[in-house]
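Undergrad: Sequence first, then the predicted structure:
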Amino acid sequence: MEEFVAYAKANPGKIAFGSSGTGTMTQMTCESVKAAAKIDILHVPYRGGAEALSDFLAGHVQVHCEGNILPHVKAGKARLLGVADNERHPDFPDVRMLKEIWAEADSVSWGGLFGPAGVPDAIVRRLSAEIQKIAKDPALKEQMMKIAVRPAGSTPEELAAELRKDYERYGNLVRALNIRMD
């Protein structure tokens, strides 16, 4: 990562990162690194992660930040510089998490299950408990880690807290960078 940052600082504006689209988590992660490292790299939004990956592998963009890169890292076609997660990836234990390098680059993608307003609390609690059980399944964990996804169940309150935290953090980043959806 240090070599990448040094190169980016020596070549401002000459490195491009592809994302799966404007305002996506992949853009937010790269923008967080860009701000934390104080580097000038260009954002190239794509219509999805597959298109961004194809252009990365073809050399049209120099940085890619999605789990779909892992098979290419393992095949030696790409180099993993940092991990956007709460734990180091088990297949790459020597690669630091972004937040180990820059505290403000604590960028972790997550998914949540939402339902319509008014779902009875008993149903929400039961569904949450079942999801937490499924997330602990070792076979599921093994499959999900192949695409850089760490399954972790949470309570509705934990999800609400994560939403508030991310709304503030990424909202500040979107406002600071004046990111606009077309």
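TA: Everything's here; your move.
Undergrad: quick one: low-confidence ranges for the chain?
TA: 182 (pLDDT under 70).
Undergrad: Let's see that with 80 instead.
TA: 147-148, 181-182 (pLDDT under 80).
Undergrad: Just give me the longest helix of it.
TA: helix 156-177 (DSSP state H).
Undergrad: Using CSV, list the CA coordinates for that one.
TA: Output in CSV follows, covering the C-alpha atoms of helix 156-177 (Å, rounded to 0.1, in the frame of the first residue of the first chain):
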residue,chain,number,x,y,z
PRO,A,156,-32.4,-4.9,14.7
GLU,A,157,-30.9,-2.4,17.1
GLU,A,158,-27.3,-3.1,15.9
LEU,A,159,-28.5,-2.7,12.3
ALA,A,160,-30.1,0.6,13.2
ALA,A,161,-26.9,1.8,14.9
GLU,A,162,-24.9,0.8,11.8
LEU,A,163,-27.3,2.7,9.5
ARG,A,164,-27.0,5.9,11.6
LYS,A,165,-23.2,5.6,11.7
ASP,A,166,-22.9,5.0,8.0
TYR,A,167,-25.4,7.7,7.2
GLU,A,168,-23.3,10.2,9.0
ARG,A,169,-19.9,9.0,7.8
TYR,A,170,-20.8,8.6,4.1
GLY,A,171,-23.1,11.5,4.1
ASN,A,172,-20.2,13.7,5.2
LEU,A,173,-18.0,12.2,2.5
VAL,A,174,-20.7,12.7,-0.2
ARG,A,175,-21.2,16.3,0.8
ALA,A,176,-17.4,17.0,1.0
LEU,A,177,-16.9,15.5,-2.5
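Undergrad: Tell me the helices and strands packed up against that helix.
TA: helix 25-37, helix 121-135 (3 or more CB pairs under 8 Å, 6 or more residues apart in numbering; DSSP states H and E). The way it works is simple: take the backbone N, C-alpha and C, and place the C-beta from them, glycine included.
Undergrad: Centroid-nearest residue for this structure?
TA: Nearest to the geometric centre of the chain sits S109, at 4.5 Å (CA atoms, centre = their mean).
Undergrad: how close does the spatially closest residue to that residue that is not a sequence neighbour sit to V124?
TA: Spatial nearest neighbour of S109, chain neighbours left out: M25 (4.4 Å); criterion: CB to CB, 6 or more residues apart in numbering. Applying CB to CB, to the nearest Å, the value for M25 to V124 is 25 Å.
Undergrad: what about those two, which has more around it?
TA: M25 (19 against 14; other CB atoms under 10 Å).
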